[in-house]
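Trainee: Have a look at this fold, sequence not included:
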């Protein structure tokens, strides 16, 4: 099965890494990115929609039909913003997009990037983890084929442009961390490959920790 995927967050580090894997993968036939600003990437497989308001997708709804995968990499850090605002731009935004895509593409495989230590019970002490857990649970109810990706420390792909400025100061940690604590470290290449394989082949679990991401990337 050839993949026709929508990617959100492609101007961020995770989304760009996933996008690069999709553009280079033979099973991916088409890629649509929805960006708030131009991503600056050109490729025969790639189409870009510039759309600022993810809470109002009506103007572009007709262009989101006919895709069999969505790799949702859009997200914000909880640092420096209030609990209600974080829930609004995490849970509410993601579900607004997800509900529309599930309606228009009911057989779509939806891969969502959450994070390590996400709280599936939605009852823990950490606010961001509860919000991520609630988002995961809602997406699992919404889509027949949904996979929640919980990466830890991710190594950027060579040539990426959208890398946080602080990353260059901590990148040295990756080879040490991967050797000492492989359950907490993976590459963005593995994340992208695992998402593609989830769409093509599926996986035995719907919540993927780092070890699952690495296994699925090689499947």
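Mentor: Arrived safely. The model shown is predicted, which means the values in this text are computed figures rather than measured ones.

Trainee: Just to check, residue 134 is in contact with residue 122?
Mentor: Yes: if you go by Cβ atoms under 8 Å, residue 134 and residue 122 touch, sitting 5.0 Å apart. In short, each C-beta sits where N, CA and C put it, glycine included.

Trainee: Where in the protein is the helix or strand with the lowest mean pLDDT?
Mentor: helix 167-170 (a mean of 80; mean pLDDT, DSSP states H and E).

Trainee: what residues does the helix or strand immediately after that one in the chain touch?
Mentor: Counting by DSSP states H and E, the next helix or strand C-terminal to helix 167-170 is helix 173-180. Contacts of helix 173-180 with the rest of the structure, by Cβ atoms under 8 Å, 6 or more residues apart in numbering, involve 153, 155, 184, 185.

Trainee: show me what contacts the nearest residue to residue 189 once chain neighbours are set aside?
Mentor: By the measure of Cβ to Cβ, 6 or more residues apart in numbering, the closest residue to residue 189 outside its immediate chain neighbours is residue 157, 5.5 Å from it. The neighbours of residue 157, taking Cβ under 8 Å, 6+ apart as the test, are 16, 17, 20, 21, 187, 188, 189.

Trainee: need the longest strand for the chain.
Mentor: In the chain, assigned by DSSP state E, the strand with the most residues is strand 28-35.

Trainee: returning to what we had before: and residue 134 and residue 122? which has more neighbours close in?
Mentor: Taking other Cβ atoms under 10 Å, residue 134 and residue 122 do not tie; residue 134 has more neighbours (19 against 15).

Trainee: Need phi/psi at that one.
Mentor: The phi and psi values for residue 134, taken as degrees, to the nearest 10, are phi -60, psi -40.

Trainee: What distance do you get for it to residue 124?
Mentor: 11 Å (Cβ to Cβ, to the nearest Å).

Trainee: same question, residue 208
Mentor: Residue 208 is 20 Å from residue 124, by Cβ to Cβ.

Trainee: of the two, who's got more company?
Mentor: Shown here are residue 208 and residue 124; by other Cβ under 10 Å, residue 208 has more neighbours (24 against 13).

Trainee: ok, that one touching residue 136?
Mentor: No: between residue 208 and residue 136 there is no contact under Cβ under 8 Å: 10.9 Å.

Trainee: Show me the common contact partners of those two, please.
Mentor: Shared contacts of residue 208 and residue 136, counting by Cβ under 8 Å, 6+ apart, come down to residue 148.

Trainee: Enumerate every residue touching the residue nearest to the spatial centre of the chain.
Mentor: Compute the mean C-alpha point of the chain, and by Cα atoms, centre = their mean the closest residue is residue 73, 2.9 Å away. Listed by Cβ under 8 Å, 6+ apart, the contact set of residue 73 reads 7, 8, 9, 10, 12, 14, 15, 18, 113.

Trainee: okay, the angle between the helix or strand harbouring residue 214 and helix 173-180?
Mentor: Taking DSSP H and E as the criterion, residue 214 maps to helix 210-217. Angle, helix 210-217 to helix 173-180, by axes from the mean of the first three to the mean of the last three Cα atoms, to 10 degrees: 100 degrees.
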